[in-house]
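> Structure for this input, please:
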Amino acid sequence: MHKRFTPIFAILIILATVLSACSGTPSGDAEAAEGILSRVLERGYVVCGGRTDLAGFGMLDEDGRNLGFDIDFCRAVAAAVFGDAEAIEVVPLTAADRGPALQTAEVDILSRNVTWTASRDAQWGNFTNVMFYDGQGFMIRKDSGITSTDDFDGATVCVTSGTTTEQNLSDFFRQHGMDYEAVIFEETPAVYSAYEEGRCNITTSDKSQLASVRSGFADPDAHIILDITISKEPLTPGVPHGDDAWFDIVKLVSFALINAEELGVTMANVEDMKSSENINILRLLGVEGDWGYTDLGLEADALAKAIGAVGNYGEIYDRYMGPEGISFTLPRGPNNLWNEGGLIYAPPVK
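Model (predicted):
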């Protein structure tokens with residue numbers, strides 16, 4: 001019996017091997033499996049999927065330098081890995097480009113005000129740690145005659161395609177038994193240009209994005225962001241599937257920035273804090289203990305370098321959206337630390 005079936009089993013094994021080689025894993029997973037960290041180190045810089053058109057989050061200064069809340073996070077990772085916050089390349093992505101760029105490992109980090117959802121976690125990549133709690137809202141003109149969502153029936157709404165915003169919009173109108181006409185654009189700037197030109201009554205997105213865009217309008221005061229939130233939008237950096245070490249590094253950097261604010265470690269005092277009597281500060285800054293840097297192949301002071309390069313979480317937020325922010329002012333609200341009434345929380349670094 002064994003002699004009779006052995007050739008058949010051999011053929012089946014060969015066939016299975018060939019099919020496996022042909023089908024393989026998705027290209028992004030295969031590339032990630034080779035080791036994102038090793039590729040980053042060999043390349044000498046971090047490729048960050050971001051944007052250049054959203055004040056406060058991803059933009060260009062007058063010299064063409066990338067700035068923003070999301071961009072500073074990429075710089076923090078580069079500082080932790082290379083000791084150089086400028087060791088980044090920002091790849092501008094449209095909303096539709098975000099998933100494919102992460103799936104194919106075109107970018108090492110996706111830090112582009114991206115909402116973390118269950119389907120994206122399964123399909124796009126690994127989402128790290130929520131860095132900004134947001135929610136979808138609506139913006140209208142003051143003179144529109146609209147006073148609440150009860151006046152939305154039959155409205156035209158400008159929205160970006162391929163986003164949770166588009167899906168939430170559909171769900172909202174369906175849930176409330178109202179009709180609307182969607183004016184859809186792939187490029188986010190086109191959405192707001194159309195709205196400002198009067199091609200739609202309403203525009204919708206994350207409230208932080210609406211505040212950002214309104215700040216750049218010719219007459220910001222002519223527009224109102226309604227006091228209603230229709231969704232949860234946890235904005236979270238993502239990394240490609242397949243490399244746990246890289247995933248851990250990016251998460252740890254986010255943990256460090258949040259813990260630094262909680263512990264009072266700033267961009268200005270990080271070196272002085274290395275002689276602190278607080279054991280949690282000493283661990284965070286790599287003076288005492290091992291927070292995992294040995295296993296991850298990083299230097300003991302990697303997180304200290306990240307903090308020294310961009311500041312703690314609160315410093316990054318205030319740089320762009322605080323009372324003296326260079327983009328606009330947006331109260332922190334849920335983006336306050338957990339011990340100050342907000343939701344921003346990170347595991348201890350130790």
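
> partner residues bridging Leu235?
Thr115, Phe132 (DSSP bridges).

> right, and it touches Gln209 too?
No - with contact defined as C-beta atoms under 8 Å, Leu235 does not reach Gln209; the gap is 9.7 Å. From N, CA and C alone the C-beta is placed, and that goes for glycine too.

> which residues are common contacts for these two?
Both Leu235 and Gln209 are contacted by 113, 134, under the criterion C-beta atoms under 8 Å, 6 or more residues apart in numbering.

> higher neighbour count, those two?
Ranked by neighbour count (other C-beta atoms under 10 Å), Leu235 and Gln209 place Gln209 first, with 27 against 23.

> where does this protein have low pLDDT?
By pLDDT under 70, the low-scoring segments of the chain are 1-34.

> can you give me the helices for it?
Using DSSP state H, the helices of the chain run over 2-23, 27-33, 36-43, 69-82, 98-103, 118-123, 164-175, 188-196, 207-215, 244-263, 279-284, 293-296, 302-310, 313-321.

> Between the ones you listed, which one is closest to Ser144.
helix 188-196 (11.1 Å; C-beta to C-beta).

> how about the closest one: buried residues?
188, 191-192, 194-196 (16 or more other C-beta atoms under 10 Å).

> got the end-to-end distance for stretch 104-111?
With C-alpha to C-alpha, to the nearest Å as the measure, stretch 104-111 spans 16 Å from end to end.

> got a list of contacts for it?
So stretch 104-111 is in contact with 26-28, 31-32, 36, 39-40, 46-50, 70-71, 73-74, 77, 91, 93, 98, 100-102, 124-125, 237-240, 242, 246, 250, going by C-beta under 8 Å, 6+ apart.

> Same list as before, the helices of the chain that is, but in CSV and with distance to Asp63 included.
What follows is the helices of the chain, written out as CSV (distance: least, C-beta to C-beta, whole Å):
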stretch, distance to Asp63
helix 2-23, 48
helix 27-33, 33
helix 36-43, 24
helix 69-82, 14
helix 98-103, 26
helix 118-123, 34
helix 164-175, 32
helix 188-196, 21
helix 207-215, 21
helix 244-263, 25
helix 279-284, 33
helix 293-296, 34
helix 302-310, 18
helix 313-321, 17
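
> What count of nearby residues applies to Gly125?
Count around Gly125 with other C-beta under 10 Å applied: 28.

> In contact with it, which residues?
28, 102-103, 110, 238-241 are the contacts of Gly125 under C-beta under 8 Å, 6+ apart.

> Closest one of those residues to Met321?
Leu110 (20.6 Å).

> ok, what's across the strand from that closest one?
Going by DSSP bridges, Leu110 forms beta bridges with Gly49, Gly238.

> Can you give me the buried ones in stretch 60-69?
Using 16+ other C-beta under 10 Å as the test for burial, stretch 60-69 gives 66-69.

> meant to ask about stretch 252-264, not that
Buried, per 16+ other C-beta under 10 Å, within stretch 252-264: 252-263.

> Can you lay out those as JSON lines showing distance to Lys350?
Shown next, in JSON lines, are the buried residues of stretch 252-264 (distance: C-beta to C-beta, whole Å):
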{"residue": "Leu252", "distance to Lys350": "11"}
{"residue": "Val253", "distance to Lys350": "15"}
{"residue": "Ser254", "distance to Lys350": "16"}
{"residue": "Phe255", "distance to Lys350": "10"}
{"residue": "Ala256", "distance to Lys350": "11"}
{"residue": "Leu257", "distance to Lys350": "16"}
{"residue": "Ile258", "distance to Lys350": "14"}
{"residue": "Asn259", "distance to Lys350": "10"}
{"residue": "Ala260", "distance to Lys350": "14"}
{"residue": "Glu261", "distance to Lys350": "17"}
{"residue": "Glu262", "distance to Lys350": "14"}
{"residue": "Leu263", "distance to Lys350": "12"}
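
> isn't Lys305 right next to Ala78, touching?
No - counting by C-beta under 8 Å, Lys305 does not reach Ala78; the two are 9.5 Å apart.

> Between those two, which is the more surrounded one?
Taking other C-beta under 10 Å, Lys305 and Ala78 do not tie; Ala78 has more neighbours (27 against 24).

> can you tell me how far the more buried one sits from Gly162?
Going from Ala78 to Gly162 by C-beta to C-beta, to the nearest Å gives 28 Å.

> Could you do Ala300 as well?
From Ala300 across to Gly162, the span is 42 Å (C-beta to C-beta).

> go on, Thr329?
30 Å.

> One more: Arg39?
28 Å.

> Mark out where each domain of this structure begins and ends.
Following automatic domain parsing, one finds the domains of the chain at 32-133+235-340, 136-231.

> Buried deepest among these, which one?
Mean neighbours per residue, mean count of other C-beta atoms under 10 Å, is largest over those for domain 32-133+235-340, with a mean of 20.

> shouldn't Thr188 be in contact with Leu54?
Yes - in this structure, Thr188 is within contact of Leu54 by C-beta under 8 Å, at 7.4 Å.

> Now do the shared contacts for those two.
Gln209.
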